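Visitor: From the sequence below, what's the structure:
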Amino acid sequence: MNTFSTKNESDVFAGPQHRRSAVYTVGVIFLVVVVCCKPVNAQQAAKDSATAKQPRPNVLFLAVDDLNDWIGVLGGHTQAKTPNLDRLAKRSVLFDAAYCAAPLCHPSRTAILTGLRSSTTGIYGNRTWFRDHPDYTDWVTLPQYFRQYGYKAWTGGKIFHQAQGKFSDPESWDGQYSKSMGTQAPPENQRYLHGMRDQFENKILARLIDWGPIDIPKEETRDWRTVAGAADFLKQAHEKPFFLACGVYRPHLPWYAPREFFEMHPLDEIDEPPFLASDLDDIPARGRVMAGVEFDIIQKAGKWKEGIQGYLAATSFADACIGHVLDALDSSEYRDNTIVVLWGDHGYHIGDKRHWAKSALWQQTARTPLMVHMPPALSGSAEPQICTRPVSLVDLYPTLVDLCGLPVRDGLDGRSFAKLVREPQTEWPYAAVITHSPFWHGVNHAVRSEQYYYIRYRDGGEELYDMTTDPNQWTNLASDPAYSDEIGELKRWLPKTNAKHFMLGDQ
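Guide: The predicted structure is shown next:
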(Lines give C-alpha, C1' and ligand atoms only; values in the text may rest on other atoms or scores of the structure.)
Protein backbone atom coordinates (compact mmCIF):
# COMPACT_ATOMS: atom_id res chain seq x y z
CA MET A 1 0.00 0.00 0.00
CA ASN A 2 1.37 3.36 -1.07
CA THR A 3 0.14 5.70 1.64
CA PHE A 4 0.07 9.45 1.54
CA SER A 5 3.66 10.49 2.12
CA THR A 6 4.79 13.39 4.27
CA LYS A 7 6.92 16.37 3.26
CA ASN A 8 9.78 18.11 4.95
CA GLU A 9 7.97 21.35 5.70
CA SER A 10 6.80 20.82 9.26
CA ASP A 11 4.08 23.46 9.03
CA VAL A 12 2.57 21.85 5.93
CA PHE A 13 2.40 18.20 6.88
CA ALA A 14 1.65 16.51 10.16
CA GLY A 15 1.30 12.80 10.64
CA PRO A 16 -1.89 10.90 11.44
CA GLN A 17 -3.58 11.70 14.69
CA HIS A 18 -4.04 8.54 16.77
CA ARG A 19 -4.85 10.14 20.09
CA ARG A 20 -8.30 9.36 21.49
CA SER A 21 -9.64 10.20 24.91
CA ALA A 22 -10.95 7.48 27.20
CA VAL A 23 -14.27 9.26 27.31
CA TYR A 24 -14.55 9.23 23.52
CA THR A 25 -13.74 5.50 23.39
CA VAL A 26 -16.42 4.70 25.94
CA GLY A 27 -18.88 6.84 23.98
CA VAL A 28 -18.22 4.90 20.77
CA ILE A 29 -18.55 1.53 22.53
CA PHE A 30 -21.84 2.62 24.02
CA LEU A 31 -23.10 3.70 20.59
CA VAL A 32 -22.20 0.35 19.06
CA VAL A 33 -23.97 -1.55 21.84
CA VAL A 34 -27.12 0.50 21.43
CA VAL A 35 -27.20 0.04 17.68
CA CYS A 36 -26.55 -3.68 17.93
CA CYS A 37 -29.32 -4.13 20.46
CA LYS A 38 -31.99 -2.36 18.42
CA PRO A 39 -34.43 -4.55 16.49
CA VAL A 40 -33.31 -4.76 12.87
CA ASN A 41 -35.65 -4.97 9.93
CA ALA A 42 -34.52 -7.96 7.87
CA GLN A 43 -35.04 -6.25 4.52
CA GLN A 44 -33.17 -3.16 5.66
CA ALA A 45 -30.33 -5.28 7.05
CA ALA A 46 -30.00 -7.07 3.71
CA LYS A 47 -30.03 -3.75 1.87
CA ASP A 48 -27.37 -2.30 4.18
CA SER A 49 -25.23 -5.40 3.71
CA ALA A 50 -25.46 -5.20 -0.07
CA THR A 51 -24.70 -1.48 -0.05
CA ALA A 52 -21.69 -2.01 2.18
CA LYS A 53 -20.16 -4.35 -0.42
CA GLN A 54 -20.32 -1.75 -3.19
CA PRO A 55 -17.25 0.44 -3.76
CA ARG A 56 -17.67 3.73 -1.94
CA PRO A 57 -17.15 6.98 -3.82
CA ASN A 58 -14.46 9.34 -2.60
CA VAL A 59 -15.28 12.85 -1.38
CA LEU A 60 -13.32 16.01 -2.18
CA PHE A 61 -14.57 18.62 0.29
CA LEU A 62 -13.51 22.12 -0.79
CA ALA A 63 -14.10 25.18 1.39
CA VAL A 64 -13.50 28.84 0.56
CA ASP A 65 -13.71 31.39 3.38
CA ASP A 66 -16.02 34.45 3.19
CA LEU A 67 -17.01 33.69 -0.42
CA ASN A 68 -20.08 35.63 -1.53
CA ASP A 69 -21.77 35.56 -4.94
CA TRP A 70 -18.98 37.57 -6.60
CA ILE A 71 -18.02 34.66 -8.83
CA GLY A 72 -18.59 34.46 -12.55
CA VAL A 73 -21.28 31.81 -12.56
CA LEU A 74 -23.42 33.56 -9.90
CA GLY A 75 -22.99 37.02 -11.41
CA GLY A 76 -22.79 38.91 -8.12
CA HIS A 77 -20.23 41.28 -9.62
CA THR A 78 -19.84 41.62 -13.37
CA GLN A 79 -16.04 41.91 -13.11
CA ALA A 80 -15.43 38.75 -11.12
CA LYS A 81 -12.85 36.47 -12.72
CA THR A 82 -13.18 32.93 -11.41
CA PRO A 83 -12.64 30.53 -14.33
CA ASN A 84 -11.98 27.51 -12.13
CA LEU A 85 -15.09 27.89 -10.00
CA ASP A 86 -17.02 28.44 -13.21
CA ARG A 87 -15.66 25.26 -14.81
CA LEU A 88 -16.57 23.27 -11.71
CA ALA A 89 -20.09 24.69 -11.89
CA LYS A 90 -20.35 23.53 -15.50
CA ARG A 91 -20.11 19.93 -14.37
CA SER A 92 -22.03 20.27 -11.11
CA VAL A 93 -25.37 21.05 -9.61
CA LEU A 94 -25.08 24.72 -8.67
CA PHE A 95 -27.32 25.55 -5.72
CA ASP A 96 -28.47 29.06 -6.46
CA ALA A 97 -30.19 29.47 -3.08
CA ALA A 98 -27.67 27.94 -0.66
CA TYR A 99 -27.43 29.57 2.77
CA CYS A 100 -25.11 29.32 5.72
CA ALA A 101 -26.49 28.18 9.06
CA ALA A 102 -24.78 31.17 10.71
CA PRO A 103 -23.09 34.24 9.16
CA LEU A 104 -19.87 33.88 11.16
CA CYS A 105 -16.98 31.47 10.55
CA HIS A 106 -16.94 29.26 13.62
CA PRO A 107 -20.67 28.71 14.15
CA SER A 108 -21.16 28.17 10.42
CA ARG A 109 -18.42 25.55 10.18
CA THR A 110 -19.47 23.90 13.42
CA ALA A 111 -22.98 23.50 11.99
CA ILE A 112 -21.63 22.01 8.76
CA LEU A 113 -19.33 19.53 10.44
CA THR A 114 -21.61 18.50 13.32
CA GLY A 115 -24.91 18.67 11.43
CA LEU A 116 -26.37 20.75 14.29
CA ARG A 117 -27.60 24.34 14.21
CA SER A 118 -26.27 27.03 16.51
CA SER A 119 -29.67 27.15 18.17
CA THR A 120 -29.05 23.52 19.21
CA THR A 121 -25.40 23.69 20.31
CA GLY A 122 -25.20 27.23 21.67
CA ILE A 123 -22.11 27.87 19.51
CA TYR A 124 -22.92 31.36 18.24
CA GLY A 125 -19.50 33.06 18.31
CA ASN A 126 -15.90 32.34 17.35
CA ARG A 127 -14.32 31.74 20.74
CA THR A 128 -15.97 28.66 22.25
CA TRP A 129 -15.22 25.12 21.09
CA PHE A 130 -18.07 22.66 20.70
CA ARG A 131 -16.15 19.78 22.31
CA ASP A 132 -15.81 21.84 25.49
CA HIS A 133 -19.61 21.67 25.79
CA PRO A 134 -20.48 18.66 27.98
CA ASP A 135 -23.26 17.61 25.59
CA TYR A 136 -20.97 17.49 22.54
CA THR A 137 -17.59 16.34 23.87
CA ASP A 138 -17.89 13.04 22.00
CA TRP A 139 -20.00 14.21 19.07
CA VAL A 140 -19.19 12.31 15.88
CA THR A 141 -18.39 14.86 13.20
CA LEU A 142 -18.86 14.43 9.46
CA PRO A 143 -15.31 13.17 8.76
CA GLN A 144 -15.43 10.94 11.85
CA TYR A 145 -18.64 9.35 10.62
CA PHE A 146 -17.00 8.55 7.29
CA ARG A 147 -14.03 7.05 9.13
CA GLN A 148 -16.39 4.79 11.07
CA TYR A 149 -17.41 3.28 7.72
CA GLY A 150 -13.96 2.61 6.33
CA TYR A 151 -12.87 5.96 4.91
CA LYS A 152 -9.56 7.66 5.49
CA ALA A 153 -10.07 11.35 6.27
CA TRP A 154 -7.36 13.95 5.76
CA THR A 155 -7.57 17.71 6.02
CA GLY A 156 -5.58 20.80 5.22
CA GLY A 157 -6.10 24.53 5.66
CA LYS A 158 -9.22 25.96 7.26
CA ILE A 159 -12.05 23.43 7.49
CA PHE A 160 -12.99 23.80 11.12
CA HIS A 161 -12.33 27.29 12.52
CA GLN A 162 -8.55 27.00 12.46
CA ALA A 163 -5.95 25.10 10.43
CA GLN A 164 -4.16 23.78 13.50
CA GLY A 165 -4.62 23.21 17.22
CA LYS A 166 -7.81 22.44 19.10
CA PHE A 167 -9.99 24.44 16.74
CA SER A 168 -8.94 22.24 13.81
CA ASP A 169 -10.33 19.20 15.68
CA PRO A 170 -7.43 16.76 15.12
CA GLU A 171 -9.50 13.87 16.46
CA SER A 172 -11.83 14.15 13.46
CA TRP A 173 -9.04 13.24 11.06
CA ASP A 174 -6.55 10.53 10.23
CA GLY A 175 -4.08 13.28 9.40
CA GLN A 176 -3.57 16.95 8.61
CA TYR A 177 -1.50 17.53 5.48
CA SER A 178 -1.41 21.32 5.92
CA LYS A 179 -1.57 23.57 8.94
CA SER A 180 -1.24 26.73 6.85
CA MET A 181 -3.83 29.22 5.68
CA GLY A 182 -4.01 32.59 3.96
CA THR A 183 -1.13 34.52 2.47
CA GLN A 184 1.83 36.37 3.84
CA ALA A 185 1.34 40.06 4.61
CA PRO A 186 3.15 42.84 2.77
CA PRO A 187 5.97 44.68 4.57
CA GLU A 188 4.74 46.76 7.50
CA ASN A 189 5.28 50.02 5.64
CA GLN A 190 2.87 48.82 2.95
CA ARG A 191 -0.02 47.92 5.29
CA TYR A 192 -3.08 50.06 6.05
CA LEU A 193 -2.21 52.52 3.30
CA HIS A 194 -5.93 53.31 3.12
CA GLY A 195 -5.38 55.49 6.20
CA MET A 196 -8.62 54.54 7.96
CA ARG A 197 -7.51 52.07 10.62
CA ASP A 198 -7.83 54.50 13.53
CA GLN A 199 -11.35 55.50 12.45
CA PHE A 200 -12.99 52.08 12.72
CA GLU A 201 -14.89 51.55 15.98
CA ASN A 202 -14.90 47.77 15.74
CA LYS A 203 -11.36 46.82 16.78
CA ILE A 204 -11.49 43.42 15.09
CA LEU A 205 -12.45 44.99 11.78
CA ALA A 206 -9.89 47.77 12.33
CA ARG A 207 -7.21 45.08 12.44
CA LEU A 208 -8.58 43.09 9.52
CA ILE A 209 -9.75 45.69 7.00
CA ASP A 210 -6.82 46.05 4.66
CA TRP A 211 -5.97 45.14 1.10
CA GLY A 212 -3.09 45.24 -1.29
CA PRO A 213 -0.75 43.21 -3.50
CA ILE A 214 2.12 41.13 -2.19
CA ASP A 215 5.24 40.49 -4.24
CA ILE A 216 5.34 36.76 -3.59
CA PRO A 217 4.70 34.08 -6.24
CA LYS A 218 1.38 32.37 -5.64
CA GLU A 219 3.17 29.04 -5.29
CA GLU A 220 4.90 30.34 -2.14
CA THR A 221 1.76 31.47 -0.34
CA ARG A 222 0.27 29.51 2.53
CA ASP A 223 -3.04 28.82 0.79
CA TRP A 224 -1.16 27.47 -2.23
CA ARG A 225 0.90 25.19 -0.03
CA THR A 226 -2.39 23.83 1.30
CA VAL A 227 -3.82 23.11 -2.14
CA ALA A 228 -0.48 21.65 -3.21
CA GLY A 229 -0.82 19.23 -0.29
CA ALA A 230 -4.26 18.20 -1.48
CA ALA A 231 -2.92 17.77 -5.01
CA ASP A 232 -0.12 15.56 -3.68
CA PHE A 233 -2.69 13.44 -1.84
CA LEU A 234 -4.57 12.88 -5.11
CA LYS A 235 -1.39 11.66 -6.79
CA GLN A 236 -1.01 8.83 -4.27
CA ALA A 237 -2.53 5.35 -4.36
CA HIS A 238 -5.14 4.78 -1.65
CA GLU A 239 -6.60 1.40 -0.82
CA LYS A 240 -9.43 2.91 1.20
CA PRO A 241 -11.98 5.42 -0.07
CA PHE A 242 -11.09 8.89 1.11
CA PHE A 243 -12.70 12.00 2.49
CA LEU A 244 -10.26 14.74 1.50
CA ALA A 245 -10.92 18.22 2.89
CA CYS A 246 -9.12 21.30 1.61
CA GLY A 247 -9.78 24.79 2.97
CA VAL A 248 -8.70 28.02 1.24
CA TYR A 249 -8.60 31.05 3.57
CA ARG A 250 -8.85 33.89 1.06
CA PRO A 251 -10.96 35.93 0.43
CA HIS A 252 -11.15 36.27 4.20
CA LEU A 253 -9.77 39.64 5.29
CA PRO A 254 -7.19 41.09 4.97
CA TRP A 255 -7.32 40.99 1.18
CA TYR A 256 -3.64 40.40 0.49
CA ALA A 257 -2.94 38.44 -2.69
CA PRO A 258 -0.06 38.09 -5.15
CA ARG A 259 0.24 41.11 -7.42
CA GLU A 260 -0.86 39.23 -10.54
CA PHE A 261 -4.39 39.01 -9.13
CA PHE A 262 -4.61 42.74 -8.46
CA GLU A 263 -3.41 43.34 -12.01
CA MET A 264 -6.33 41.23 -13.22
CA HIS A 265 -8.62 43.91 -11.73
CA PRO A 266 -7.23 47.39 -12.60
CA LEU A 267 -8.45 49.97 -10.11
CA ASP A 268 -9.44 52.49 -12.78
CA GLU A 269 -11.81 49.92 -14.30
CA ILE A 270 -13.58 48.83 -11.10
CA ASP A 271 -17.37 49.18 -11.01
CA GLU A 272 -19.38 49.66 -7.85
CA PRO A 273 -22.19 47.14 -7.27
CA PRO A 274 -25.87 48.20 -7.25
CA PHE A 275 -26.38 50.52 -4.29
CA LEU A 276 -29.27 52.33 -2.61
CA ALA A 277 -28.15 55.19 -0.39
CA SER A 278 -31.36 55.04 1.67
CA ASP A 279 -31.17 51.27 2.07
CA LEU A 280 -31.36 51.33 5.87
CA ASP A 281 -34.33 53.67 6.11
CA ASP A 282 -36.89 50.85 6.41
CA ILE A 283 -34.67 48.57 8.51
CA PRO A 284 -35.42 47.92 12.22
CA ALA A 285 -33.04 49.32 14.81
CA ARG A 286 -31.31 45.99 15.50
CA GLY A 287 -30.55 45.59 11.79
CA ARG A 288 -28.99 49.05 11.67
CA VAL A 289 -26.80 48.10 14.63
CA MET A 290 -25.59 45.05 12.69
CA ALA A 291 -24.83 47.23 9.67
CA GLY A 292 -22.26 49.20 11.66
CA VAL A 293 -20.39 52.28 10.47
CA GLU A 294 -17.38 50.82 8.66
CA PHE A 295 -18.83 51.22 5.17
CA ASP A 296 -19.74 54.85 5.81
CA ILE A 297 -16.11 55.51 6.76
CA ILE A 298 -14.81 53.72 3.68
CA GLN A 299 -17.23 55.47 1.34
CA LYS A 300 -16.52 58.90 2.80
CA ALA A 301 -12.77 58.33 2.39
CA GLY A 302 -13.26 57.45 -1.29
CA LYS A 303 -11.86 53.93 -0.79
CA TRP A 304 -14.84 51.83 -1.82
CA LYS A 305 -13.40 50.88 -5.22
CA GLU A 306 -10.07 49.98 -3.62
CA GLY A 307 -11.87 47.58 -1.31
CA ILE A 308 -13.83 46.09 -4.21
CA GLN A 309 -10.59 45.56 -6.08
CA GLY A 310 -9.10 43.86 -3.02
CA TYR A 311 -11.99 41.43 -2.67
CA LEU A 312 -12.06 40.63 -6.39
CA ALA A 313 -8.29 40.03 -6.38
CA ALA A 314 -8.43 37.82 -3.28
CA THR A 315 -11.29 35.83 -4.82
CA SER A 316 -9.41 35.36 -8.10
CA PHE A 317 -6.45 34.10 -6.08
CA ALA A 318 -8.69 31.64 -4.19
CA ASP A 319 -10.10 30.53 -7.55
CA ALA A 320 -6.59 29.76 -8.81
CA CYS A 321 -5.97 27.70 -5.65
CA ILE A 322 -9.13 25.69 -6.23
CA GLY A 323 -8.12 25.21 -9.85
CA HIS A 324 -4.86 23.58 -8.77
CA VAL A 325 -6.76 20.93 -6.82
CA LEU A 326 -9.26 20.36 -9.64
CA ASP A 327 -6.40 19.90 -12.11
CA ALA A 328 -4.88 17.29 -9.81
CA LEU A 329 -8.19 15.45 -9.52
CA ASP A 330 -8.78 15.52 -13.28
CA SER A 331 -5.37 13.97 -13.94
CA SER A 332 -5.75 11.35 -11.20
CA GLU A 333 -7.20 7.86 -11.13
CA TYR A 334 -9.99 9.19 -8.87
CA ARG A 335 -11.63 11.53 -11.38
CA ASP A 336 -14.58 9.27 -12.11
CA ASN A 337 -15.36 8.05 -8.59
CA THR A 338 -15.01 11.24 -6.53
CA ILE A 339 -17.86 13.47 -5.43
CA VAL A 340 -16.73 17.10 -5.30
CA VAL A 341 -18.43 19.53 -2.95
CA LEU A 342 -17.44 23.20 -2.92
CA TRP A 343 -18.88 25.56 -0.33
CA GLY A 344 -18.26 28.92 1.26
CA ASP A 345 -18.91 29.22 4.98
CA HIS A 346 -21.02 32.37 4.38
CA GLY A 347 -21.05 35.44 2.16
CA TYR A 348 -19.81 38.97 2.73
CA HIS A 349 -21.11 42.54 2.42
CA ILE A 350 -18.98 45.03 0.53
CA GLY A 351 -21.20 48.09 0.75
CA ASP A 352 -24.69 46.75 0.14
CA LYS A 353 -27.01 47.51 3.05
CA ARG A 354 -24.29 50.03 4.02
CA HIS A 355 -22.47 47.11 5.63
CA TRP A 356 -18.81 46.01 5.34
CA ALA A 357 -18.49 42.64 7.02
CA LYS A 358 -20.34 39.38 7.56
CA SER A 359 -22.24 39.08 10.88
CA ALA A 360 -25.66 40.13 9.58
CA LEU A 361 -28.77 38.36 8.34
CA TRP A 362 -29.25 39.83 4.87
CA GLN A 363 -28.88 37.93 1.61
CA GLN A 364 -25.36 39.04 0.76
CA THR A 365 -23.80 37.55 3.87
CA ALA A 366 -26.13 34.57 4.33
CA ARG A 367 -25.99 33.25 0.77
CA THR A 368 -22.87 31.45 -0.42
CA PRO A 369 -21.78 29.34 -3.40
CA LEU A 370 -22.50 25.64 -3.18
CA MET A 371 -21.67 23.15 -5.93
CA VAL A 372 -21.98 19.38 -5.90
CA HIS A 373 -20.32 17.40 -8.67
CA MET A 374 -21.37 13.78 -9.16
CA PRO A 375 -19.35 12.17 -11.98
CA PRO A 376 -21.41 10.45 -14.69
CA ALA A 377 -19.93 7.14 -13.50
CA LEU A 378 -21.73 7.79 -10.21
CA SER A 379 -25.01 8.56 -12.02
CA GLY A 380 -24.32 12.28 -12.13
CA SER A 381 -25.07 14.54 -15.08
CA ALA A 382 -22.40 15.61 -17.54
CA GLU A 383 -24.29 18.86 -18.10
CA PRO A 384 -24.43 21.90 -15.80
CA GLN A 385 -27.55 22.08 -13.67
CA ILE A 386 -28.98 24.78 -11.45
CA CYS A 387 -31.14 24.12 -8.39
CA THR A 388 -33.19 27.07 -7.13
CA ARG A 389 -34.55 25.31 -4.05
CA PRO A 390 -33.36 26.82 -0.75
CA VAL A 391 -30.90 24.59 1.10
CA SER A 392 -28.75 25.09 4.17
CA LEU A 393 -25.11 24.17 4.69
CA VAL A 394 -26.20 22.29 7.83
CA ASP A 395 -27.70 19.82 5.33
CA LEU A 396 -24.28 18.83 3.95
CA TYR A 397 -23.61 16.18 6.61
CA PRO A 398 -26.71 14.04 5.93
CA THR A 399 -26.49 14.74 2.19
CA LEU A 400 -22.97 13.35 1.82
CA VAL A 401 -23.84 10.38 4.00
CA ASP A 402 -26.78 9.73 1.64
CA LEU A 403 -24.83 10.24 -1.59
CA CYS A 404 -22.09 7.86 -0.45
CA GLY A 405 -24.53 5.16 0.61
CA LEU A 406 -23.62 5.18 4.29
CA PRO A 407 -26.20 4.30 6.96
CA VAL A 408 -28.42 7.20 7.94
CA ARG A 409 -26.96 9.30 10.76
CA ASP A 410 -29.63 9.96 13.37
CA GLY A 411 -29.86 13.02 15.58
CA LEU A 412 -28.89 15.69 13.05
CA ASP A 413 -30.70 18.98 12.48
CA GLY A 414 -29.92 18.96 8.76
CA ARG A 415 -31.84 16.99 6.15
CA SER A 416 -30.43 15.30 3.08
CA PHE A 417 -30.91 17.13 -0.20
CA ALA A 418 -29.40 14.23 -2.17
CA LYS A 419 -32.57 14.02 -4.25
CA LEU A 420 -31.94 17.59 -5.42
CA VAL A 421 -28.44 16.59 -6.52
CA ARG A 422 -30.01 13.83 -8.60
CA GLU A 423 -33.08 15.81 -9.74
CA PRO A 424 -32.55 19.56 -9.15
CA GLN A 425 -36.14 20.51 -9.96
CA THR A 426 -37.69 18.06 -7.51
CA GLU A 427 -40.29 19.61 -5.22
CA TRP A 428 -38.71 20.82 -1.98
CA PRO A 429 -41.10 22.12 0.68
CA TYR A 430 -38.38 23.26 3.08
CA ALA A 431 -36.91 26.63 3.98
CA ALA A 432 -33.34 27.49 4.97
CA VAL A 433 -32.84 28.97 8.44
CA ILE A 434 -29.98 31.33 9.29
CA THR A 435 -29.12 32.20 12.90
CA HIS A 436 -27.03 35.08 14.20
CA SER A 437 -27.30 35.10 17.97
CA PRO A 438 -23.99 35.91 19.67
CA PHE A 439 -24.51 37.22 23.19
CA TRP A 440 -23.93 40.84 22.12
CA HIS A 441 -26.82 40.66 19.64
CA GLY A 442 -29.26 38.24 21.28
CA VAL A 443 -31.51 35.82 19.38
CA ASN A 444 -31.96 36.69 15.69
CA HIS A 445 -32.94 34.51 12.74
CA ALA A 446 -33.66 34.65 9.02
CA VAL A 447 -35.79 32.27 6.96
CA ARG A 448 -35.44 31.81 3.21
CA SER A 449 -38.24 30.12 1.32
CA GLU A 450 -38.30 29.80 -2.45
CA GLN A 451 -39.99 33.20 -2.82
CA TYR A 452 -39.51 35.12 0.42
CA TYR A 453 -36.77 36.14 2.80
CA TYR A 454 -37.84 36.88 6.37
CA ILE A 455 -35.77 38.30 9.25
CA ARG A 456 -36.84 38.48 12.88
CA TYR A 457 -34.68 40.26 15.43
CA ARG A 458 -34.49 39.73 19.18
CA ASP A 459 -36.74 42.74 19.89
CA GLY A 460 -39.46 41.68 17.44
CA GLY A 461 -38.25 43.85 14.56
CA GLU A 462 -38.97 42.27 11.19
CA GLU A 463 -37.97 42.40 7.54
CA LEU A 464 -39.61 40.68 4.59
CA TYR A 465 -38.46 40.65 0.98
CA ASP A 466 -39.94 39.13 -2.15
CA MET A 467 -36.81 37.69 -3.74
CA THR A 468 -38.46 37.21 -7.11
CA THR A 469 -39.04 40.96 -7.55
CA ASP A 470 -36.49 42.45 -5.13
CA PRO A 471 -33.27 40.40 -5.16
CA ASN A 472 -31.31 43.35 -3.72
CA GLN A 473 -33.61 43.48 -0.69
CA TRP A 474 -34.33 47.19 -1.09
CA THR A 475 -38.01 47.17 -0.06
CA ASN A 476 -38.97 45.84 3.37
CA LEU A 477 -42.53 44.49 3.15
CA ALA A 478 -42.87 43.45 6.78
CA SER A 479 -45.14 46.34 7.77
CA ASP A 480 -47.55 45.72 4.89
CA PRO A 481 -50.66 43.89 6.22
CA ALA A 482 -51.07 42.23 2.83
CA TYR A 483 -48.14 39.97 3.71
CA SER A 484 -49.26 38.87 7.17
CA ASP A 485 -50.09 35.34 5.97
CA GLU A 486 -46.67 34.97 4.35
CA ILE A 487 -44.95 36.12 7.54
CA GLY A 488 -47.03 33.70 9.59
CA GLU A 489 -46.00 30.83 7.34
CA LEU A 490 -42.32 31.77 7.47
CA LYS A 491 -42.37 32.02 11.27
CA ARG A 492 -43.15 28.31 11.43
CA TRP A 493 -39.53 27.62 10.48
CA LEU A 494 -38.01 29.61 13.34
CA PRO A 495 -36.28 27.41 15.94
CA LYS A 496 -38.67 26.49 18.74
CA THR A 497 -35.86 26.68 21.29
CA ASN A 498 -32.62 28.63 21.29
CA ALA A 499 -29.76 27.20 23.30
CA LYS A 500 -27.99 29.53 25.68
CA HIS A 501 -24.82 31.05 24.23
CA PHE A 502 -22.23 28.51 25.40
CA MET A 503 -19.34 30.05 27.30
CA LEU A 504 -16.56 28.24 29.13
CA GLY A 505 -17.50 28.06 32.79
CA ASP A 506 -21.19 27.48 32.05
CA GLN A 507 -20.90 23.70 32.51
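Visitor: gap between the residue sitting nearest the centre point of the chain and residue 135?
Guide: Taking CA atoms, centre = their mean, the centroid of the chain lies closest to residue 345, which sits 2.0 Å from it. Between residue 345 and residue 135 the computed distance is 23 Å (CB to CB, to the nearest Å). (Each C-beta comes from the backbone N, C-alpha and C, glycine too.)
Visitor: Residue 314: helix or strand, and which one exactly?
Guide: Using DSSP states H and E, residue 314 sits within helix 304-330.
Visitor: So which bits of that helix are buried?
Guide: Neighbour-count burial for helix 304-330, with 16 or more other CB atoms under 10 Å as criterion, is recorded at 304, 306-326, 328-329.
Visitor: Return the distance of that helix from the chain's centre.
Guide: Chain-centre distance of helix 304-330: 16 Å, with CA atoms, centre = their mean, to the nearest Å.
Visitor: show me where the stretch 201-350 of the chain has helices.
Guide: Using DSSP state H, counting those that start in this stretch, the helices of the stretch 201-350 of the chain run over 203-208, 222-235, 259-263, 285-291, 294-300, 304-330.
Visitor: which stretch among these comes nearest residue 173?
Guide: Residue 173 sits nearest to helix 222-235 of all the helices of the stretch 201-350 of the chain, at 12.3 Å, using CB to CB.
Visitor: how much does that closest one deviate in direction from helix 304-330?
Guide: Angle, helix 222-235 to helix 304-330, by axes from the mean of the first three to the mean of the last three CA atoms, to 10 degrees: 20 degrees.
Visitor: which helices and strands does helix 222-235 pack with?
Guide: When contacts are defined as 3 or more CB pairs under 8 Å, 6 or more residues apart in numbering; DSSP states H and E, helix 222-235 sits against strand 152-156, strand 175-178, strand 242-248, helix 304-330.
Visitor: circling back: can you put the helices of the stretch 201-350 of the chain in CSV and add mean pLDDT and distance to residue 486?
Guide: Below are the helices of the stretch 201-350 of the chain laid out as CSV (pLDDT from 0 to 100; distance: least, CB to CB, whole Å):
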stretch, mean pLDDT, distance to residue 486
helix 203-208, 96, 35
helix 222-235, 98, 43
helix 259-263, 98, 43
helix 285-291, 96, 19
helix 294-300, 98, 30
helix 304-330, 98, 34
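Visitor: Now render the ones you listed as TSV, adding distance to residue 216.
Guide: Rendered in TSV, the data for the helices of the stretch 201-350 of the chain read as follows (distance: least, CB to CB, whole Å):
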stretch	distance to residue 216
helix 203-208	20
helix 222-235	10
helix 259-263	9
helix 285-291	35
helix 294-300	26
helix 304-330	11
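Visitor: Could you give the secondary structure assignment for residue 455?
Guide: Assigned state for residue 455: strand (three-state reduction, DSSP: H, G, I helix; E, B strand; the rest coil).
Visitor: show me what contacts it?
Guide: Contacts for residue 455 were tallied using CB atoms under 8 Å, 6 or more residues apart in numbering; they are 287, 361, 362, 444, 445, 446, 447, 462, 463, 464.
Visitor: Tell me where the model's unsure across the chain.
Guide: Counting by pLDDT under 70, the chain contains low-confidence ranges at 1-54, 505-507.
Visitor: 90 - rerun?
Guide: 1-55, 127, 163, 382, 438-440, 503-507 (pLDDT under 90).
Visitor: Quick check: beta-bridge partners of residue 340?
Guide: Beta bridges link residue 340 to residue 60, residue 373, judged by DSSP bridges.
Visitor: Quick one: neighbours of it, just the number.
Guide: Residue 340: 23 surrounding residues under other CB atoms under 10 Å.
Visitor: Wait, it touches residue 87, no?
Guide: No: between residue 340 and residue 87 there is no contact under CB atoms under 8 Å: 11.5 Å.
Visitor: For those two, list the residues in contact with both.
Guide: With CB under 8 Å, 6+ apart as the test, residue 340 and residue 87 both reach residue 326.
Visitor: mind listing what residue 398 touches?
Guide: Counting by CB under 8 Å, 6+ apart, residue 398 touches 115, 408, 409, 412, 414, 415, 416.
Visitor: how about 6 Å then?
Guide: Listed by CB atoms under 6 Å, 6 or more residues apart in numbering, the contact set of residue 398 reads 412, 414, 416.
Visitor: of all those, which comes closest to residue 75?
Guide: Top of the list for closeness to residue 75, among the contacts of residue 398 and by CB to CB, is residue 414 at 27.5 Å.
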